[in-house]
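A.B. asks: A predicted structure for the sequence below; I have some questions about it.
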Amino acid sequence: MSYVMDGRRGKGSSLSAHRLIERLVKNPDLDVTLVHFDPSDDPLYKEVREIIMPQFKLPVATRFFRTLAFFWKYRNEQFDIIHWFQSRVYPFFWFAPARKIIVTAHAGGDITSPGKFPLSRRMFNFVLTHFSHKVDAIVGVSNFGRDEIIEAYGADPKRVYTLIHYNGGAEEFRPLDKNEAREKMRQKHGIDKPYILDVSRLQPHKNVDTLIKAYIQLRDEHPERRELLVICGGPYYKHEITYALARNSKYTDDIRFVDFVAQEDMNTLYSGAEVFAFPSLSEGFGMPLIEAFAAGTPVVTSNVASLPEVAGDAGLTVSPLDVSALANAMYRLLTDVELRKSLIQKGLERSRPFTWDLAARELCDLYKKIVSD
């Protein structure tokens with residue numbers, strides 16, 4: 001079910017689905033069909049069999065009924081597996097024309113993350129919570145993510161699998177010359193000074209407000225530090241509070257929001273940073289950590305959720321709501337040359353196994369196991 005990657009700028013679950021599908025369609029052991037809602041100019045659809053779900057428009061719930069129409073139209077097909085690449089499955093998904101059903105939930109964040117959920121998300125959560133027993137395999141992307149899926153959705157542990165390398169991407173990043181990277185960022189996004197970076201949409205669980213407070217404390221306590229704080233990620237729920245916090249700071253000119261950076265420029269963005277700060281409160285994995293590691297940028301992140309598991313000993317971890325601890329960690333990474341060198345090297349080593357090729361092999365192994373059970 002490839003629609004998760006259609007018409008979305010390449011981040012998060014959209015990016016991981018696309019990278020995995022790119023490899024799955026080339027695997028000689030698999031006969032892949034891509035099913036989605038609307039025609040797309042993505043060249044991937046020309047490489048394999050494509051099914052566009054029956055097209056019609058209703059006053060409400062159009063995608064739900066189009067999905068049911070697809071189930072009915074192909075009811076005699078009996079695919080070995082139908083795989084949803086995110087946890088948002090519609091009611092009656094169990095009528096899908098498949099011997100086995102796999103859902104990638106990543107973790108339980110769709111339920112546990114703070115914020116106001118739209119009706120559609122509450123519906124998806126209800127469906128997977130009450131009908132997880134009709135899924136043959138639910139995929140978590142970390143050991144923490146697996147545990148959270150079991151708790152949040154009440155899923156049978158025997159049906160929940162951990163694919164540690166499900167999120168690849170390290171091979172797309174490498175350390176670049178910092179001055180050259182900064183010059184490109186200056187030209188494209190007006191980032192005209194050394195900077196501390198965060199890559200996070202402005203959602204409450206990303207904890208950007210605490211990062212801004214820690215940055216303000218860092219500047220207050222160490223006025224010689226003049227690095228910018230660059231936050232790359234578009235506005236979302238309660239983003240007005242975050243913008244106001246930055247706007248009302250005496251360092252407002254040095255707190256820069258960049259809504260979007262093209263995927264081909266992300267390596268440059270990471271490489272140009274002095275420090276990558278990622279104090280998220282809830283992550284099933286945390287792909288930006290691996291990307292920063294691979295780009296040769298020292299990292300400070302949270303000591304909660306999956307982040308200590310993903311970071312290992314390659315990054316500093318702090319309590320994400322402890323403003324002083326976060327400010328002190330950023331200062332250490334800016335000033336302690338030996339610590340920087342050590343963590344940069346550890347980060348490069350930590351990132352190496354997280355490749356899309358390995359991720360696709362692990363996913364294919366799961367397909368084979370599920371079909372044979």
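C.D. replies: The structure has been received and is ready for your questions.
A.B. asks: switch to C-alpha atoms for all contacts and neighbour counts from now on
C.D. replies: Fine.
A.B. asks: okay, and for this protein, where does confidence drop off?
C.D. replies: 8-11, 114-117 (pLDDT under 70).
A.B. asks: And the closest residue to Glu77 other than its chain neighbours, how close does it get to Glu50?
C.D. replies: Once flanking residues are discounted, Glu77 sits nearest to Pro97: 6.2 Å by CA to CA, 6 or more residues apart in numbering. Distance, Pro97 to Glu50, using CA to CA, to the nearest Å: 16 Å.
A.B. asks: So the two - more neighbours on which side?
C.D. replies: Neighbour totals were compared for Pro97 and Glu50, and Pro97 leads with 21 against 16 (other CA atoms under 10 Å).
A.B. asks: contacting residues around the more buried one?
C.D. replies: Each residue near Pro97 by CA atoms under 8 Å, 6 or more residues apart in numbering is listed here: 71, 74-79, 82.
A.B. asks: Farthest pair within the residues you listed?
C.D. replies: The most widely separated members of those are Asn76 and Ile82, with 13.9 Å between them, by CA to CA.
A.B. asks: In terms of packing, which of these two has more residues around it?
C.D. replies: Each of Asn76 and Ile82 has its neighbours counted (other CA under 10 Å); Ile82 has more, 20 against 10.
A.B. asks: so the more buried one makes contact with Ile102?
C.D. replies: Yes - with contact defined as CA atoms under 8 Å, Ile82 reaches Ile102; the gap is 6.3 Å.
A.B. asks: follow-up on the earlier one: emit the ChimeraX select command for whichever of the contacts of Pro97 are buried.
C.D. replies: Under the burial definition 16 or more other CA atoms under 10 Å, those of the contacts of Pro97 that qualify are selected in ChimeraX by:
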select :71,79,82
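A.B. asks: hang on, Leu68 in a strand?
C.D. replies: No - Leu68: not assigned to a strand; according to DSSP: H, G, I helix; E, B strand; the rest coil it is helix.
A.B. asks: Quick check, Ser271 in contact with Leu176.
C.D. replies: Yes - at 5.6 Å, Ser271 counts as touching Leu176 under the criterion of CA under 8 Å.
A.B. asks: joint contacts of those two?
C.D. replies: Ala295.
A.B. asks: These two - which one has more neighbours?
C.D. replies: Shown here are Ser271 and Leu176; by other CA under 10 Å, Ser271 has more neighbours (28 against 17).
A.B. asks: Distance check, that one against Leu197.
C.D. replies: On the measure of CA to CA, Ser271 and Leu197 end up 10 Å apart.
A.B. asks: on that earlier part again, over to the residue nearest to Glu77: give its phi and psi.
C.D. replies: Main-chain dihedrals, Pro97, degrees, to the nearest 10: phi -80, psi 70.
A.B. asks: Tell me how far it lies from Leu289.
C.D. replies: Counting by CA to CA - Pro97 and Leu289 are separated by 38 Å.
A.B. asks: now swap in Ile255 and tell me
C.D. replies: From Ile255 to Leu289 the distance is 21 Å (CA to CA).
A.B. asks: Compare the two and say which is more crowded by neighbours.
C.D. replies: Leu289 (28 against 21).
A.B. asks: residues contacting the more buried one?
C.D. replies: 278, 299, 310-311.
A.B. asks: Let's see that with 10 Å instead.
C.D. replies: Leu289 sits next to 170, 199, 276-278, 295, 297-301, 307, 310-311, 314-315, 347, 350-351 when contact means CA atoms under 10 Å, 6 or more residues apart in numbering.
A.B. asks: Just the ones in strands from these, please.
C.D. replies: Those of those mapping onto strands are 199, 276-278, 299-301, per DSSP state E.
A.B. asks: picking that back up, quick one: common contacting residues for Ile82 and Ile102?
C.D. replies: Joint contacts of Ile82 and Ile102 (CA under 10 Å, 6+ apart) are Tyr367.
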